[in-house]
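*Asks:* curious how this folds, go ahead:
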Amino acid sequence: MLGMERWKQLVLLPFGLFLAMCVLGVSGRALPSCYFPAIYNFGDSNSDTGGISAAFEPIQAPYGEAFFGKPAGRDSDGRLMIDFFAEHLRLPYVTAYLNSLGTSFRYGANFATGGSPIRRPKGTIFETIFGFGLSPFSLDMQTTQFLQFKVRSADLFQKAKYFCDRSKLPNPQDFAKALYTFDIGQNDLSAGFRKLSFDQLRAEIPDMINQHAAAVRLVYQQGGRAFWIHNTGPIGCLPVGLFYNIKPAPSALDEHGCVKDQNEMAIEFNRQLKDSVIKLRAELPQAAITYVDIYAAKYELISNAKKEGFMAPMKVCCGFHMGNDHVWCGNKATVNGTEVFGGACGNASSVISWDGIHYTQAANKWVANRILNGAFSDPPLPISQACHRR
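*Replies:* Next comes the predicted model:
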């Protein structure tokens with residue numbers, strides 16, 4: 001009989017060869033790294049680098065203080081995954097499109113805003129942003145902004161007489177070479193949990209996916225070729241899900257304290273999104289579309305929090321949350337006759353959740369490091385090779 005180690009080697013060999021062929025290409029030669037002169041991002045607060053702060057009220061301290069030393073328009077104590085992508089590709093951090101002061105769009109633009117859904121929210125702006133936390137800048141609005149940005153920046157670039165005038169504008173030729181990243185869908189599900197039954201929400205998912213695909217097609221029609229598309233994370237593992245449901249039935253939670261039926265809805269969303277990506281690859285012959293399993297990467301962190309140096313995944317670093325009393329991160333409120341400030345913990349680097357909804361910089365970095373190398377991607381290529389069609 002074969003020894004166990006030898007048997008494992010023989011079983012794993014075909015898979016190892018498969019991965020090698022994906023990275024090396026059919027010829028056996030290593031795929032070259034792509035040249036990405038810019039990043040154009042579409043999404044929500046998971047990748048917003050200042051859009052919602054520019055459009056409405058600025059995000060307050062202690063947000064941003066762990067890395068930037070002050071609020072930096074990000075819903076975290078520091079950097080987001082999109083920031084780590086830019087660092088990895090040796091690009092400056094992506095500037096929020098809505099942030100008009102002292103900005104440069106030479107290396108891309110970020111159309112994401114906190115609270116953005118794929119579909120346009122119903123109701124007035126004030127009802128949606130202040131009532132349900134939904135941004136009016138849905139995905140179709142973000143792509144409309146991208147179209148306007150592309151046309152106007154090209155016009156200004158051509159009219160500019162001096163280098164200094166052009167230095168903050170994208171080179172029109174770079175749009176075809178840029179990396180286009182998408183991270184959106186979480187807010188469509190979270191709003192659905194509040195307003196719809198699970199059956200009703202499940203029936204709405206195909207329309208969300210169709211509108212997501214329409215946005216990818218539009219960018220492709222405008223010359224975009226390299227796409228890096230995130231699915232949605234384990235929304236049931238966000239501590240906010242238990243803020244107003246203090247004593248859920250034990251059967252409602254998994255072994256890590258996550259709300260099972262919410263995660264199941266996220267999994268169904270992701271299944272349909274992946275099917276959509278497969279169809280888009282066939283439909284868009286020149287597109288290189290990478291589907292990134294953010295859900296699996298984040299759930300791996302949550303499942304192995306202690307092993308990876310983090311505290312319990314449901315612990316929240318910033319804010320005051322005690323029983324039915326909630327003071328959100330950076331806010332003040334009176335609790336039992338005493339003014340309470342929703343301040344930050346002193347060990348954010350060992351906590352996954354920053355404010356109950358968003359991840360800490362440490363958690364963002366952990367997830368980014370896991371997905372940058374292609375381990376959670378289909379095809380399994382690192383982000384530096386995301387321009388290659390497979």
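*Asks:* quick check, Phe193 in a helix?
*Replies:* Yes. Assessed by DSSP: H, G, I helix; E, B strand; the rest coil, Phe193 belongs to a helix.
*Asks:* please report the number of neighbouring residues for it.
*Replies:* When neighbours are counted by other CB atoms under 10 Å, Phe193 registers 17. Using the backbone N, CA and C atoms, a C-beta is placed for each residue, glycine as well.
*Asks:* one more: Pro248?
*Replies:* Under the neighbour criterion other CB under 10 Å, Pro248 is assigned a count of 13.
*Asks:* what count of nearby residues applies to the closest residue to it other than its chain neighbours?
*Replies:* Computed as CB to CB, 6 or more residues apart in numbering, the closest residue to Pro248 that is not its neighbour in sequence is Leu242, at 6.7 Å. Neighbour count of Leu242, defined by other CB under 10 Å: 19.
*Asks:* so Leu242 sits against Val259, correct?
*Replies:* Yes. Between Leu242 and Val259 there is a contact under CB atoms under 8 Å: 7.4 Å.
*Asks:* okay, and the common contacts of these two?
*Replies:* Shared contacts of Leu242 and Val259, defined by CB atoms under 8 Å, 6 or more residues apart in numbering, comprise Pro248.
*Asks:* first to last residue in stretch 366-385, what's the distance?
*Replies:* 20 Å (CA to CA, to the nearest Å).
*Asks:* just the buried positions in that stretch, please.
*Replies:* Neighbour counts over stretch 366-385 (16 or more other CB atoms under 10 Å) mark 366-368, 370-372, 374, 376-379, 381-385 as buried.
*Asks:* mind listing residues that contact stretch 249-268?
*Replies:* Against stretch 249-268 from outside (CB under 8 Å, 6+ apart): 189, 192-193, 198, 201-202, 205, 232-237, 241-242, 248, 295, 302-303, 305, 312-314.
*Asks:* ugh, typo on my part, it should be stretch 236-248
*Replies:* Contacts of stretch 236-248 (CB under 8 Å, 6+ apart): 235, 254, 256-264, 266, 298-299, 302, 313-316, 321, 323-324, 326, 353, 356-357.
*Asks:* for it, what is the distance to the chain centroid?
*Replies:* Put simply, stretch 236-248 sits 21 Å off its chain's centre (CA atoms, centre = their mean, to the nearest Å).
*Asks:* and stretch 195-210, by the same measure?
*Replies:* Stretch 195-210 sits 20 Å away from the centroid of its parent chain (CA atoms, centre = their mean).
*Asks:* and Arg152, that's in a helix?
*Replies:* Yes. Counting by three-state DSSP, Arg152 is part of a helix.
*Asks:* and it, how far from Phe111?
*Replies:* 14 Å (CB to CB, to the nearest Å).
*Asks:* same check on Ala348?
*Replies:* The value you get for Ala348 to Phe111, if CB to CB is used, is 28 Å.
*Asks:* more neighbours: the two, which one.
*Replies:* Each of Ala348 and Phe111 has its neighbours counted (other CB under 10 Å); Phe111 has more, 25 against 22.
*Asks:* per-residue confidence at the closest residue to that one other than its chain neighbours?
*Replies:* Spatially, and ignoring its direct neighbours in sequence, Phe111 is nearest to Gln142 (3.9 Å; CB to CB, 6+ apart). As predicted, Gln142 sits at a pLDDT of 98.
*Asks:* now Phe126
*Replies:* 52.
*Asks:* likewise for Asn245?
*Replies:* 83.
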